[in-house]
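Colleague: let me see the structure of the following:
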Amino acid sequence: MKNGEYELILAPQNWPGKKYRNKYCYEHIYVWWKHTGELPKEKCIHHKNGNKRDNRFENLEIILNTDHIKLHSKLRSSTIKLICAYCHNIFEKQPCEVRSSKKKGQIDFYCNRSCMAKHFGRGRAKITKVI
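Modeller: Prediction:
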């Protein structure tokens, strides 16, 4: 069973951790508990390769909550390099901005509003809805 990006499994009878809907637990926490016999307090179980469905013990590590937050904020701060569809300059955007635009059907990206306006043959850039 899925819960967002994580996998839920039926919790065993002797499960010492939190249960969801009174019968499920997160698979990665269960795997950690099965191998170490302990549940982390004030710590977090992190997926080393970033795949939250890869719950092999070798892919899990325990880190402080504060370190986990720092680690993921660094990952989010990375950018994607793109080429402007008009002037062909290389520029950067946040991954979440690119994903959001692609979901709306945008296929071309521009380094600034001026290039976008020139590409569409307009003198000034206007706010347009991407279809």
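Colleague: the longest helix along the chain: how far from the chain's middle?
Modeller: For the chain, the longest helix by residue count, based on DSSP state H, is helix 65-76. Relative to its chain's centre, helix 65-76 lies at 12 Å (Cα atoms, centre = their mean, to the nearest Å).
Colleague: next one: stretch 26-44
Modeller: Mean-position distance between stretch 26-44 and its chain equals 22 Å (Cα atoms, centre = their mean).
Colleague: what of stretch 105-119?
Modeller: 26 Å.
Colleague: what are the buried residues along it?
Modeller: Across stretch 105-119, burial judged by 16 or more other Cβ atoms under 10 Å covers 109, 110, 111, 115, 116, 117. Quick note: C-beta positions are derived from backbone N, CA and C, even for glycine.
Colleague: that stretch - what's its average pLDDT?
Modeller: The average pLDDT within stretch 105-119 is 90.
Colleague: got the end-to-end distance for it?
Modeller: 17 Å (Cα to Cα, to the nearest Å).
Colleague: likewise stretch 101-109?
Modeller: With Cα to Cα applied, stretch 101-109 spans 9 Å between its terminal residues.
Colleague: hmm, back to that, possible to save the buried residues of stretch 105-119 as TSV with distance to residue 86?
Modeller: Shown next, in TSV, are these (distance: Cβ to Cβ, whole Å):
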residue	distance to residue 86
109	10
110	6
111	8
115	4
116	7
117	9
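Colleague: closest to residue 6 among those residues?
Modeller: residue 109 (31.7 Å; Cβ to Cβ).
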